[in-house]
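Peer 1: after the sequence you'll find the predicted model.
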Amino acid sequence: MSEQQKNSYPKPKLVPVPSTNIIPERDVDKRPILECRHLGIDFGGLTAVDDFNMAIGRTEIAGLIGPNGAGKTTVFNLLTKVYQPTRGTVMIDGRDTAGKTTIQVSHMGVARTFQNIRLFGNLTVEDNVKAGLHEHTKYSALSGIFRLPSYWRKEREAHERALELLSIFDMQDMAGYQAGSLPYGAQRRLEIVRALATNPSLLLLDEPAAGMNPSETAELMNNIRKIRDTFQIAIMLIEHDMNLVMGVCEGICVLNFGRIIAKGTPDDIQANPAVIEAYLGRQKEA
Amino acid sequence: MKKIRLSKTNRINFATFGAVILAYAVFQFMSGTGMLSSTIRGQLVPICAYVTMALSLNLTVGVLGELSLGHAGFMSVGAFAGAVAAAALPIDSDPLRLAASMVIAALAAAAAGTLVGIPVLRLNGDYLAIVTLAFGQIIKSIMENLYIGIDARGLHFSFLENRIIFRDGGRMLLNGAMGVNGIAKISSFTAGFVLVMLVLAVIFNLVDSRAGRAIMALRDNRIAAESVGIPVTKYKLMAFVISAAMAGAAGALFALGQNTITANKFDFNTSILILVFVVLGGQGNMWGSILAATFLTVLPETRAMRGLADYRMLVYAVVLILVMLATNNPTIQDFINTRFRRKKKKGGAAK
C-alpha cells in the first residue's frame, strides 16, 4: 500500500464516547452500532477474553488486531453469540443481546464471515446468496411446494437481488457454479456477499485477506471501502495483514492475551509502545 | 470449476418424471397383456410403496443430511392408521376411500414425526441415528399392544390387553400382535404411481424453494446457516415431518394392498432395507432411489434369486459396505470422474 493511496482516504479524528470508547467524529451524534461493556468469557479456568470495552460508529471501519491466540475470533464469536459471554454486555444498536441466539443476533443486523471459510459448499453461488436473503424473501414452504404466485414473485426478487449483490465483486457470471468448487479468493468474496445479503448494519470480517496475494488484498481494501460507502454500514475486521489494517481501518483495537492493550487511529497504534512490545517483544536496555 | 447450469437440475427432474411415467405405462401394458408373472404383478403395489419410502428417507438423509434408522416406524404408523381408517371410513368409492386413508395415514405419521422430531432433532449425527433406531422399536412395541375395535358407537381403543366390549355387531380392526386381518385390497398400481409422482413433485419443489435452500444450507454448514439467520431447528423439523408424512402415506398404500399386516413387518430390517435403497441409489439422488428400490424389491422375487432369499440381509450388508468403501475411495472416484465425466472440468479449488 503506497503512501499516496493511504492519504487519499482521510482518517477522521476519533472522539471519546462514554467511558473508554472511541468512535469516528462523524458518527458521534448517532448511537454506536456496537457497544461492548466489560465483555469477558472463561473456558473452564482459562480466561479467553476479559474486560473488553469497545464501541463502533455507524459507518466506521474498525480493526481488531493482535498476536495469534489473543482472542480475536473469540470476540467475534461472543458478538454473534456462538459463545455466550461469562461477563459483560453486548449492545447492538442500543439493544442488549443478553440471552439472544446466533439467529436472533443475525436478525438484529450482525453478519459475519469465517476465518476457515464456511460456505454452503454443495449449493450454487447464487443459492448461497439466496440463503443469505432468507429473512428478506419471505414466503411459506407451502407456496414453495405448490408454486403459488408468491413463490414466483419472491424468487424473481431474490434472483435479481442475488445477482445485484454478486456484481459488487463482479461475480454475477459465477452464479451457476458450485460454491465449493470456487477458487479460494472467490470463496472468501462469496462469503462477504452472503453476509451482505442479510442486510446487516454491522459486518464482521474474520481475516478477509488470508491467503490472498498483494494485488488481491489491494482490491479487497477498495471493496471494503466501497461496501461501507454504498451500504452505509459499520465493518469490523480481524486481519494480520498490516497494510490492509492500517490502510482501511479508522479505529483499531489491539488485543493481547484476551485484554485490550491499545485503542486509537492507525497512527496512534503504530506509535504505541505497548503494541510494538506485544508484536515484537520488549527491547533490551542498551 | 464445476458448473451447475441452472437448467440442469430441472432437466434431471423432468427426466425422472418422464421415466416414472414411462415405467408405469410399460408395467401397466405388460400387466394388461399378461406378460408379467403373477408374483411380479403382486409386487407392483409394494414397489410403489418402497419407492415412496426410499424417496422419503432420501429427503432426510440426502437433503437434510441426518441419518434415520427408524424410518419403518413411520411406515408402520401409516400402515396401521391407513388400514384402520379404510375399514372404518363410510366411503363407498374405493379410490376415494384409499385417498382418504392415505391422507389420514400421512397425518398420523406426521404427528409421530413431530413428536419424535422435537426432542430428537436437537441431537446430531450418531445420537440422532441411535434415537431413531429406538423409535422404530418403540413403535413396533406399541403397535403389537394396541387394540382398536369399531361398533355402532364409534371407535374403541385398548392398550396392552383387549378389553373392548362390543355392542351390536362390533368388530376388531387392529388386534394387537395379530395385526389387521381381512384388509380389503383397495390399493392399486395406479394409486401407487400417483403417490410416487406426488412425492417426487413435493420433494423437487421443496428443494428448489426458500425452505429447501434453508434445509440444504444447514446440512452443508450449520454454523454458517445460523449466522445468516436461518432458524435451524424449524427447518430440520419441517424436513423430518414431511419425510415422515410421506412414509405414512407409503405405509397406507402398502397395507391396503395386503390381506394381513402385523407390526413385525415394519422392524429394524425394513428400516435398514430402505436405507440400503437410499445409499445404493445415491444420497440426494432421487432417481437413484427409485431405481434401487424397484430392483431390490423385484430381484428377491425372481425365480433365479429365490434360493438366495435367506441370505438377503447378508447380501445387503455386504453391498452396503462395498458401496461405502467405493464412494469414499479416491482412486475409484478419480476413475469414475475421468471415465464418465470427461466433459466436466475438474474442481480446481486451490487450498
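Peer 2: Cool, the structure landed.
Peer 1: how about the residue in chain B that chain A sits nearest to: what's its closest non-neighbour residue?
Peer 2: Here chain B gets closest to chain A at one residue, residue B:209, 2.9 Å apart by Cβ to the nearest Cβ. Every C-beta, even on glycine, is put in place using the N, C-alpha and C of the backbone. Of all residues not flanking residue B:209 in the chain, residue A:144 sits nearest, at 2.9 Å (Cβ to Cβ, 6 or more residues apart in numbering or on different chains).
Peer 1: can you count the residues close to the one you found?
Peer 2: 23 (other Cβ atoms under 10 Å in any protein chain shown).
Peer 1: need the pLDDT of the residue of chain B closest to chain A.
Peer 2: In this model, residue B:209 is scored at 93, pLDDT.
Peer 1: pull the number of nearby residues for it.
Peer 2: By other Cβ under 10 Å, 22 other residues sit near residue B:209.
Peer 1: quickly find the element holding the residue nearest to residue B:209.
Peer 2: helix A:141-145 (DSSP states H and E).
Peer 1: picking up where we left off before, quick one: residues contacting the residue of chain B closest to chain A.
Peer 2: The neighbours of residue B:209, taking Cβ atoms under 8 Å, 6 or more residues apart in numbering or on different chains as the test, are A:141, A:144, A:145, A:151, A:155.
Peer 1: next one: residue B:116
Peer 2: By Cβ under 8 Å, 6+ apart, the neighbours of residue B:116 are B:70, B:131, B:132, B:135, B:240, B:244.
Peer 1: kindly reformat those as JSON lines containing secondary structure.
Peer 2: Listed next are the contacts of residue B:116 as JSON lines, based on DSSP: H, G, I helix; E, B strand; the rest coil:
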{"residue": "B:70", "secondary structure": "coil"}
{"residue": "B:131", "secondary structure": "helix"}
{"residue": "B:132", "secondary structure": "helix"}
{"residue": "B:135", "secondary structure": "helix"}
{"residue": "B:240", "secondary structure": "helix"}
{"residue": "B:244", "secondary structure": "helix"}
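Peer 1: farthest pair within those?
Peer 2: Farthest apart among those by Cβ to Cβ are B:131 and B:244. That separation is 14.1 Å.
Peer 1: show me the residue at the heart of the chain, geometrically.
Peer 2: Using chain A. What sits nearest the mean C-alpha location of chain A, by Cα atoms, centre = their mean, is residue A:204, with 1.4 Å.
Peer 1: that's the wrong chain, I meant chain B
Peer 2: Geometric centre of chain B, nearest residue: residue B:53, 1.3 Å, by Cα atoms, centre = their mean.
Peer 1: most neighbours, which of the contacts of residue B:209?
Peer 2: residue A:144 (23 neighbours).
Peer 1: that residue contacts residue B:205, correct?
Peer 2: Yes - Residue A:144 lies in contact with residue B:205 (Cβ atoms under 8 Å); the separation is 6.3 Å.
Peer 1: who are the neighbours in contact with the spatially closest residue to residue B:68 that is not a sequence neighbour?
Peer 2: Nearest non-adjacent residue to residue B:68, counting by Cβ to Cβ, 6+ apart: residue B:132, 4.4 Å away. Counting by Cβ under 8 Å, 6+ apart, residue B:132 touches B:67, B:68, B:69, B:70, B:71, B:73, B:116, B:120.
Peer 1: and residue B:132, how far from residue A:182?
Peer 2: 35 Å (Cβ to Cβ, to the nearest Å).
Peer 1: can you check residue A:32 too?
Peer 2: Distance, residue A:32 to residue A:182, using Cβ to Cβ: 35 Å.
Peer 1: residue A:42 touches residue A:86, doesn't it?
Peer 2: Yes - assessed by Cβ under 8 Å, residue A:42 is found in contact with residue A:86 at 4.9 Å.
Peer 1: for the contacts of residue B:209, which one is nearest chain B?
Peer 2: For the contacts of residue B:209, the nearest to chain B is residue A:144 (2.9 Å; Cβ to the nearest Cβ).
Peer 1: quick one: the closest one from residue A:165, how far?
Peer 2: In terms of Cβ to Cβ, residue A:144 sits 22 Å off from residue A:165.
Peer 1: Provide a list of residues in contact with the residue nearest to residue B:209.
Peer 2: A:151, B:205, B:206, B:208, B:209, B:210, B:211, B:212.
Peer 1: equivalent analysis for residue A:260, please.
Peer 2: A:51, A:52, A:53, A:54, A:253, A:254.
Peer 1: ok, 7 Å please
Peer 2: A:52, A:53, A:253, A:254 (Cβ atoms under 7 Å, 6 or more residues apart in numbering or on different chains).
Peer 1: identify the bridge partners of the last one.
Peer 2: Note on residue A:254: beta-bridge partners by DSSP bridges are residue A:65, residue A:262.
Peer 1: in what helix or strand does residue B:103 lie?
Peer 2: Following DSSP H and E, one finds residue B:103 within helix B:94-120.
Peer 1: before we move on, what about residue A:39?
Peer 2: Element membership for residue A:39, per DSSP H and E: strand A:34-43.
Peer 1: buried stuff in that strand?
Peer 2: A:34, A:35, A:36, A:37, A:39, A:40, A:41 (16 or more other Cβ atoms under 10 Å in any protein chain shown).
Peer 1: what bridges to the fifth one?
Peer 2: Think residue A:39. Assigned bridge partners for residue A:39, using DSSP bridges, are residue A:52.
Peer 1: one step back: now a PyMOL select for only the buried ones of the contacts of residue B:132.
Peer 2: Burial among the contacts of residue B:132 is assessed by 16+ other Cβ under 10 Å; the matching PyMOL selection reads:
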select buried, chain B and resi 67+68+69+70+71+73+116+120
